[in-house]
Structure formats: C-alpha cells, structure tokens
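> heads up, no residue letters with this:
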C-alpha cells in the first residue's frame with residue numbers, strides 16, 4: 001500500500017505507469033467503449049437484481065473486455081483503465097435503481113413507472129456519489145487497512161494483458177476454470193449448495209415461578225456456495241478478514257436463527273399442517289435476524305466513520321490545499337494525484353442539492369419536508385459514501401451491502417417524515433425518494449472508489465476518471481429506465497404482476513417498500529433494530545477489528561460468507577506451506593502475485609459467464625438443464641479442484657531463492 005510522501009504532494013508508491021509518462025488516456029474510443037459497457041452490463045445486472053436480489057460486479061468483465069478490444073485498437077493501458085472505469089459505473093447505477101425504483105410500484109405510490117422521476121433519482125444520486133468520492137479519494141485509496149481485493153484483481157488483469165508473460169497463462173487458466181464451473185452450475189450439472197434442516201428434540205425451559213416454556217425447532221445446515229468468484233475474493237482478502245465475515249454468518253445461522261426457532265417452533269407445529277422448517281428458518285433470518293444486522297450496521301457505520309475522522313478531515317484539508325496551490329501557481333500536484341477542482345466539486349454539490357430539493361418537493365409537496373429531506377440526503381450521502389467505500393476496500397463491491405445502508409436511510413427518513421406530519425402515499429414517496437438518491441449515491445461511491453484504486457495502482461489520472469464517471473452516470477441514468485420498463489411490462493403481459501411478483505420478486509425493493517410503509521404506518525419492529533445496535537456496541541467493546549464486517553456477515557446468505565471463508569482458508573494454507581518451505585522475500589512475492597492472479601482469473605471467469613447467461617435469460621432463450629435434481633457430491637470435486645489450483649500453482653512457481661523479487665501485486 002502507498003506511503004504518504006514526505007512533502008505531502010503526492011505519494012511515494014510506484015504505479016505501473018509512472019507519473020511523468022505521457023500516454024493517451026481520455027480518448028473517444030475509450031469513452032465510447034466504456035459507455036457501451038455501462039449500458040449493457042448495467043441492464044444485465046438490473047435483470048439479475050430483480051430476479052435474484054444480487055448483482056455481479058462489473059469491474060472484472062469491463063476490465064477483460066476493455067483489455068481485449070483496446071489491444072486490438074492499439075489503445076494504451078490507461079485507455080483500458082478509463083474504459084473499465086466508465087463501463088463498470090453502469091452496474092452501480094443499476095444496483096441503486098433496482099433496490100429503490102420498483103419500491104414505488106410495490107408500495108402502491110405509482111401505478112406505472114415514470115421516466116422523469118426514475119431518471120432524476122438515478123442521475124442526481126449518481127452525480128452526488130461521484131462528487132463525494134472525489135473528496136474522499138486520497139483518504140480511501142491510501143488507507144493501509146483496506147486491501148481492495150477486487151481492485152487488485154482488476155489491476156492484475158490489465159497488467160498481465162500488457163506483459164504477455166507467464167502471468168497471462170495463469171490468468172487464462174483460472175479464467176477458464178471459473179467460466180467452466182459457472183457454466184456447469186448454470187446448466188445444473190451439480191448443485192450450487194446443499195442444505196438440510198436438523199430438528200431439535202422437544203424440551204422445555206423452566207422460568208422459575210413463571211412456569212415453563214416449550215421448545216423445539218432446529219438448525220438449518222448449509223454448505224458454502226460453489227462460487228469461484230467468492231472463493232477468489234476470500235483468497236485475496238486473506239484469512240483474517242474472511243474469518244470476521246464468516247463469524248457474522250455463524251452468529252446468524254448458528255445462534256440467532258436456531259434460538260428463535262427453538263421458541264417459535266412449538267407455535268408453528270400447533271398451527272396445524274406440516275411445517276416447512278427450511279422456509280421458516282429462512283423467513284426468521286430475513287424478517288428478524290436481518291433487521292438485527294441492520295441495527296448493528298448502523299452503529300458500526302458510525303464507529304467506522306468516527307475512527308476515520310482524522311483521515312477524512314485530513315483528506316478534505318489536502319483537497320482545499322491543492323486548490324490554493326493551483327490558485328497561487330505553487331508547485332502543481334502530480335498527474336496521478338490530480339482530482340477534479342475542489343471549487344467545482346463544491347459548486348456541483350450545491351447545484352445537486354438544489355435539484356434534490358426540487359425533486360423532494362415534487363414528491364412531498366411540502367416545503368419543510370423537502371428542505372429536511374435534502375439536508376438528510378447531504379449528510380447521509382457523505383456518510384454512506386465513506387462507509388460504502390470503506391466496505392468496498394475490505395470485501396469488494398460484489399459484497400457491498402448497499403441494500404443494508406439504504407434500509408438504514410429509509411428508517412431515518414421515514415421517522416423524519418412522520419415527525420413532520422407526512423403520512424400516506426406522499427410520505428412514503430418522500431421516504432423512497434430520499435432512499436433512492438442515497439442508494440444510487442452509495443452504490444456509485446463504492447464502485448467508483450474501487451475503480452479509482454485500480455487507477456491508483458496502474459497510474460491513471462484521477463480527474464479524468466472522475467469526469468468519465470460523471471458522463472457514465474448521466475448516460476446510464478438516461479437509459480436504465482427502459483430495461484426496467486421492459487421487464488415490468490413484459491411480466492404483466494405474460495400474466496404476472498410485474499415488480500414484486502413471482503417472476504420479478506425484487507427482494508430489496510420489496511423490503512424498502514415494506515419498511516417505509518411500516519414506519520410511516522407505525523408498525524416497525526424497533527426492538528430488533530435496538531438489539532442490533534447494542535450487539536454492535538458489544539463487538540466494539542471486545543475490540544473486534546471490524547464490527548461492520550461481522551454485521552455484514554449476518555446480513556449476507558451463509559453460503560456466500562462460507563465460500564469467502566473457504567477462500568481465506570486456502571490463502572492461509574498457502575502462507576503456512578510457504579513458511580514451512582522457508583521462502584525468502586522474493587519467493588513470497590512471487591507466490592503472492594501468482595495467487596492473486598489466479599484468484600482474479602476465477603473472479604473474471606465466473607462474472608463473464610454469469611453475465612452471458614443473464615443475457616440469454618433476458619432475451620428469453622431457453623437454458624437446458626442437465627439434471628433435474630443435481631447432486632452436491634460433484635461440487636466437492638469442484639472445491640478440491642479450485643483449492644488445488646490456488647495452492648499448488650503459486651507454490652510450484654515460487655522460483656529459486658536467488659531470483660529477484662517481482663513488483664508486489666498488492667499496492
């Protein structure tokens with residue numbers, strides 16, 4: 001990771017492209033390619049999110065596509081960096097859109113999708129996210145505590161594409177493995193995971209003089225998901241962070257869900273009929289444990305920002321100092337440390353706040369409510385932009401819990417609207433309007449910081465990447481409405497109900513609608529939020545390294561955190577075996593670089609194939625299934641294959657002790 005320079009005017013790290021190198025970067029071909037990828041990858045991710053409640057990080061597909069096409073067009077690596085930056089921003093706009101825009105339909109606020117309102121939410125939120133990140137860039141990308149696993153992986157894709165050496169072979173092999181595994185999984189050759197409910201014996205708990213309480217229920221066991229991408233992420237972040245993330249999953253599924261089912265179980269059994277225990281366990285997790293995790297994330301987010309206070313203030317002061325230097329003709333900032341002008345960023349934020357006020361006034365039709373909502377947006381927007389960037393630095397944008405951050409905003413905004421007397425459809429619309437802007441802003445902030453970290457490693461010019469993302473946000477916002485409209489109306493014409501129905505469940509948007517209606521209607525389960533907040537305080541008191549990561553682990557499905565943990569364990573095994581072989585610094589660097597490269601290939605391979613199958617589904621092209629009920633036994637061989645690749649290949653290519661060390665893959 002980069003060390004601050006003694007002079008304070010830049011950093012002393014050595015990017016792939018030195019600061020004094022003149023190279024084409026912001027070109028028409030790079031920008032056009034980036035915008036095309038932003039639209040296509042964003043539309044595919046919108047489909048995935050509405051169907052399955054998750055999106056695929058577009059950084060890797062955008063990196064591979066830009067690398068392949070721009071090499072044919074004789075483009076530079078900095079053009080590749082710009083195209084990838086612009087191309088991946090569409091996914092974040094789509095993520096923000098699908099988490100909130102359908103909620104207007106599901107909550108009954110709109111009877112049909114509205115282009116102006118939806119586009120305004122996406123555009124304003126995206127612009128605000130870009131501007132906030134511009135202020136936070138130096139602080140976030142230079143933080144030693146943030147490994148930025150997906151950023152490191154994306155930078156390796158670009159570097160290996162340029163070197164054409166043995167590293168390209170590692171990337172290609174791992175990419176083919178990741179793509180092959182994902183293809184077979186989509187075709188149902190093997191099960192993506194396995195789960196089984198283990199019932200508890202009926203018993204009772206004595207409450208002293210208050211009598212006894214009957215108990216039952218059980219525990220839902222689950223395996224890690226067969227995901228080369230998640231295993232790759234776990235490998236890159238390492239065993240410590242992967243373990244923290246997995247500990248949250250263990251708390252959720254090993255403590256809270258079984259404990260709650262123990263007392264709820266007898267009631268379910270006496271209600272009549274056969275109990276769907278697996279469905280009940282999942283329902284308890286979604287309806288009870290996840291709100292507890294949200295409460296924990298609220299306190300963890302505040303604690304994270306508090307710990308970052310000096311760095312954040314220092315970053316803002318440096319940005320202001322750069323403006324003064326430019327105005328007084330002092331020594332200019334290095335190209336690789338040159339952000340958009342702080343003055344224009346502040347002007348942009350002011351104009352965006354005015355546009356946000358007009359948007360909220362349109363929703364709420366109340367001056368005081370609109371002003372209050374705008375203030376909430378500015379404060380919460382900066383807060384969640386910083387937290388989103390911090391989380392991306394820890395676990396990557398693929399696992400960034402944007403819906404959790406947005407849900408926190410929904411709760412705060414709803415309370416304010418109720419306090420201001422906003423009720424009914426206008427109150428819900430105002431709440432969802434605030435949440436929509438914040439959600440898009442946080443999603444864009446996380447994705448953009450990830451790409452700026454890649455540029456930090458490669459030697460890209462920050463202000464050019466920031467301008468490119470502004471253009472990408474506006475174009476994506478202008479066209480993202482149409483995939484949403486096609487999906488919604490297409491399902492209705494096919495006999496469905498559109499958003500919120502069986503074909504397009506839109507889980508995050510449904511949750512936003514439910515919470516906004518619950519708070520505005522006075523039916524919110526506040527005790528769960530408070531319990532989560534107290535739990536986070538306890539984690540902080542026992543000095544857990546990252547309470548946020550634990551809470552995120554509670555919020556994510558167990559198969560996801562379990563797969564990330566498996567990747568971390570594999571990385572730990574590599575480090576242990578390397579230590580036993582007494583590798584010197586040069587050999588350790590080669591093992592680390594080769595391992596990161598292999599993990600990057602696994603991530604890119606799965607992401608590309610996942611998007612390809614999403615495209616097939618989008619155009620209603622049938623996907624054959626090899627087995628109606630695939631077995632998980634075959635999946636064990638997949639785990640063994642991935643583990644063997646990530647362990648054997650890096651160690652076998654450690655080189656001889658007297659060979660010079662390569663540049664570290666981790667900046």
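Received the coordinates, thanks. As the structure is a prediction and not an experimental result, all values here were calculated from the model.

> Residue 630 - that's part of a helix, no?
No: applying DSSP: H, G, I helix; E, B strand; the rest coil, one finds residue 630 to be coil, outside a helix.

> My understanding was that it contacts residue 189; is that so?
Yes: taking Cβ atoms under 8 Å as the definition, residue 630 is a contact partner of residue 189 at 6.3 Å. Bear in mind the C-beta positions are built from the backbone N, C-alpha and C, glycine included.

> list the contacts for residue 598?
Residues in contact with residue 598, defined by Cβ atoms under 8 Å, 6 or more residues apart in numbering, are 170-171, 173-174, 232, 235, 645-646, 649-650.

> An error on my part: the question was meant for residue 361.
367, 370.

> Tell me, what's the model's pLDDT at it?
We have a pLDDT of 89 for residue 361.

> in what helix or strand does it lie?
Taking DSSP states H and E as the definition, residue 361 sits inside helix 342-364.

> How about that helix, which residues are buried there?
342, 345, 348-349, 352-353, 355-357, 359-361, 363-364 (16 or more other Cβ atoms under 10 Å).

> Could you save these as JSON lines and add columns showing distance to residue 416?
Below are these laid out as JSON lines (distance: Cβ to Cβ, whole Å):
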{"residue": "342", "distance to residue 416": "30"}
{"residue": "345", "distance to residue 416": "27"}
{"residue": "348", "distance to residue 416": "25"}
{"residue": "349", "distance to residue 416": "21"}
{"residue": "352", "distance to residue 416": "20"}
{"residue": "353", "distance to residue 416": "17"}
{"residue": "355", "distance to residue 416": "20"}
{"residue": "356", "distance to residue 416": "15"}
{"residue": "357", "distance to residue 416": "15"}
{"residue": "359", "distance to residue 416": "16"}
{"residue": "360", "distance to residue 416": "11"}
{"residue": "361", "distance to residue 416": "15"}
{"residue": "363", "distance to residue 416": "13"}
{"residue": "364", "distance to residue 416": "11"}
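
> hang on, the earlier thing: which one (most neighbours) among the contacts of residue 598?
Counting neighbours by other Cβ atoms under 10 Å, residue 232 comes out on top of the contacts of residue 598 with 36 neighbours.

> can you pull the contacts of that one?
Residue 232 neighbours (Cβ under 8 Å, 6+ apart): 153, 178, 567, 598-603.

> Assign it to helix, strand or coil.
helix.

> average pLDDT for the helix or strand where residue 649 lies?
In the assignment (DSSP H and E), residue 649 maps to helix 633-652. Here helix 633-652 scores 94 as its mean pLDDT.

> Also stretch 273-293?
pLDDT averaged over stretch 273-293 gives 88.

> Buried residues, it. List them.
Neighbour-count burial for stretch 273-293 [16+ other Cβ under 10 Å]: 275, 277, 280-281, 284-285, 288-293.

> how about JSON lines for those, with distance to residue 372 and secondary structure added?
Converted to JSON lines, those look like this (distance: Cβ to Cβ, whole Å; DSSP: H, G, I helix; E, B strand; the rest coil):
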{"residue": "275", "distance to residue 372": "46", "secondary structure": "coil"}
{"residue": "277", "distance to residue 372": "45", "secondary structure": "helix"}
{"residue": "280", "distance to residue 372": "40", "secondary structure": "helix"}
{"residue": "281", "distance to residue 372": "40", "secondary structure": "helix"}
{"residue": "284", "distance to residue 372": "35", "secondary structure": "helix"}
{"residue": "285", "distance to residue 372": "34", "secondary structure": "helix"}
{"residue": "288", "distance to residue 372": "31", "secondary structure": "helix"}
{"residue": "289", "distance to residue 372": "32", "secondary structure": "helix"}
{"residue": "290", "distance to residue 372": "28", "secondary structure": "helix"}
{"residue": "291", "distance to residue 372": "25", "secondary structure": "helix"}
{"residue": "292", "distance to residue 372": "28", "secondary structure": "helix"}
{"residue": "293", "distance to residue 372": "27", "secondary structure": "helix"}
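
> if we take those residues, which one ends up nearest to residue 200?
Nearest to residue 200, judged by Cβ to Cβ, of those is residue 277 at 10.3 Å.

> Could you check how far the closest one is from residue 197?
4 Å (Cβ to Cβ, to the nearest Å).

> residues shared between the contacts of the two?
With Cβ under 8 Å, 6+ apart, residue 277 and residue 197 have common neighbours 218, 220.

> Averaged pLDDT, the helix or strand hosting residue 39. What do you get?
Per DSSP H and E, residue 39 falls inside helix 28-52. Across helix 28-52, pLDDT averages out at 85.

> for it, the distance to its chain's centre please.
16 Å (Cα atoms, centre = their mean, to the nearest Å).

> what's the span of stretch 193-205, first residue to last?
Distance across stretch 193-205, first residue to last, is 34 Å (Cα to Cα, to the nearest Å).

> before we move on, which element is residue 92 in?
helix 77-106.

> And the helix or strand following that helix, what does it pack against?
Counting by DSSP H and E, the next helix or strand C-terminal to helix 77-106 is helix 115-141. Helix 115-141 sits against helix 77-106, helix 309-327, helix 342-364, helix 367-395, helix 424-458, helix 462-479, helix 481-493, with contacts defined as 3 or more Cβ pairs under 8 Å, 6 or more residues apart in numbering; DSSP states H and E.

> what's whatever helix or strand comes next after helix 115-141 packed up against?
Using DSSP H and E, the next helix or strand after helix 115-141 towards the C-terminus is helix 149-163. In terms of contacts (3+ Cβ pairs under 8 Å, 6+ apart), helix 149-163 is packed against helix 59-72, helix 77-106, helix 166-186, helix 228-251, helix 424-458, helix 585-618.

> ok, now with 10 Å
Where contact means 3 or more Cβ pairs under 10 Å, 6 or more residues apart in numbering; DSSP states H and E, helix 149-163 is packed against helix 59-72, helix 77-106, helix 166-186, helix 228-251, helix 367-395, helix 424-458, helix 585-618.

> I'd like to know which of those helices is closest to residue 46.
helix 77-106 (4.3 Å).

> ok, back up a step: between the helices and strands packed on helix 149-163, which one is closest to residue 571.
Of all the helices and strands packed on helix 149-163, helix 228-251 sits nearest to residue 571, with 4.6 Å by Cβ to Cβ.

> Now find how far off-centre the helix or strand that the closest one is followed by is within its chain.
Using DSSP H and E, the helix or strand that follows helix 228-251 in sequence is helix 257-270. In this view, helix 257-270 has its centroid 33 Å away from the chain centroid, taken as Cα atoms, centre = their mean.

> Might you report the residue contacts of the nearest residue to residue 252 once chain neighbours are set aside?
For residue 252, ignoring the flanking residues on the chain, the nearest one in space by Cβ to Cβ, 6 or more residues apart in numbering is residue 554 at 4.2 Å. Contact analysis of residue 554 by Cβ atoms under 10 Å, 6 or more residues apart in numbering lists 245, 247-253, 255-256, 285, 289-290, 292-294, 296-297, 404, 532, 535, 561.

> Please report the distance of residue 554 from residue 514.
Relative to residue 514, and taking Cβ to Cβ, residue 554 is found at 19 Å.

> Equivalent analysis for residue 533, please.
20 Å.

> now residue 487
Remark: distance between residue 487 and residue 514 (Cβ to Cβ) = 21 Å.

> If you count surrounding residues, which of these two has more?
Each of residue 487 and residue 514 has its neighbours counted (other Cβ under 10 Å); residue 487 has more, 23 against 18.

> That one contacts residue 94, correct?
No: when contacts are counted by Cβ atoms under 10 Å, residue 487 is not listed as touching residue 94 (11.7 Å).

> got any residues that touch both of the two?
The contact sets of residue 487 and residue 94 overlap at 43, 46-47, 50 (Cβ under 10 Å, 6+ apart).

> Of those residues - the most surrounded one?
Going by other Cβ under 10 Å, residue 50 tops the shared contacts of residue 487 and residue 94 with 29 neighbours.

> Tell me who's in contact with it.
94, 97-99, 102, 483-484, 487-488, 491, 498-500, 503-509.
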